[in-house]
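In: sequence plus predicted model, see below.
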Amino acid sequence: MPKPDVHAQRLILAGKCLFGERWMVPMASALRVTPQYIALLAKGERPLTAEKQAALAVFLRAEAQRLQVSAKAAIVLAEYIEQALK
């Protein structure tokens with residue numbers, strides 16, 4: 001049994017994290033490649049270049065930052081609603 005490609009696994013996890021279950025087309029757009037190329041990357045049939053890996057890291061950090069901001073806003077709103085109920 002062939003060993004799973006680590007880069008392919010990372011690409012799939014990043015894609016699902018960023019775009020959900022239907023991640024291939026938006027990931028292709030983000031990386032400026034075709035969806036067919038993303039499919040090849042995900043199968044480990046093409047290498048994920050250092051440039052594309054760096055782009056993925058940037059996208060993931062931006063998404064993490066966006067989620068942190070949203071989480072803080074949700075906490076503030078929840079606290080406001082809880083205070084209003086007292």
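Out: Yep, that arrived. Residues are numbered from 1 along each chain as shown.
In: quick one: the strands in the chain?
Out: For the chain, strands defined by DSSP state E do not occur.
In: and the longest helix for it?
Out: Identified as the longest helix of the chain according to DSSP state H is helix 50-85.
In: quick one: buried residues of stretch 49-63?
Out: Neighbour counts over stretch 49-63 (16 or more other C-beta atoms under 10 Å) mark 52, 56, 59 as buried. Any C-beta I mention is one placed from the backbone N, CA and C, and that applies to glycine too.
In: the second one reaches Arg10, doesn't it?
Out: Yes. The pair Leu56 / Arg10 is scored as a contact, 7.3 Å apart, by C-beta atoms under 8 Å.
In: OK, contacts around Met27?
Out: Going by C-beta atoms under 8 Å, 6 or more residues apart in numbering, Met27 touches 11, 14-15, 18-19, 38.
In: any idea which of these is closest to Ala73?
Out: Leu18 (20.1 Å; C-beta to C-beta).
In: quick one: that closest one from Gln83, how far?
Out: Per C-beta to C-beta, to the nearest Å, Leu18 is found 35 Å from Gln83.
In: equivalent analysis for Trp23, please.
Out: Relative to Gln83, Trp23 is positioned 39 Å away (criterion: C-beta to C-beta).
In: cool, Glu63 as well?
Out: Computed as C-beta to C-beta, the Glu63 to Gln83 distance reads 30 Å.
In: now Gly20
Out: According to C-beta to C-beta, Gly20 stands 34 Å off from Gln83.
In: now Leu11: how far from Glu63?
Out: Separation of Leu11 from Glu63 (C-beta to C-beta): 15 Å.
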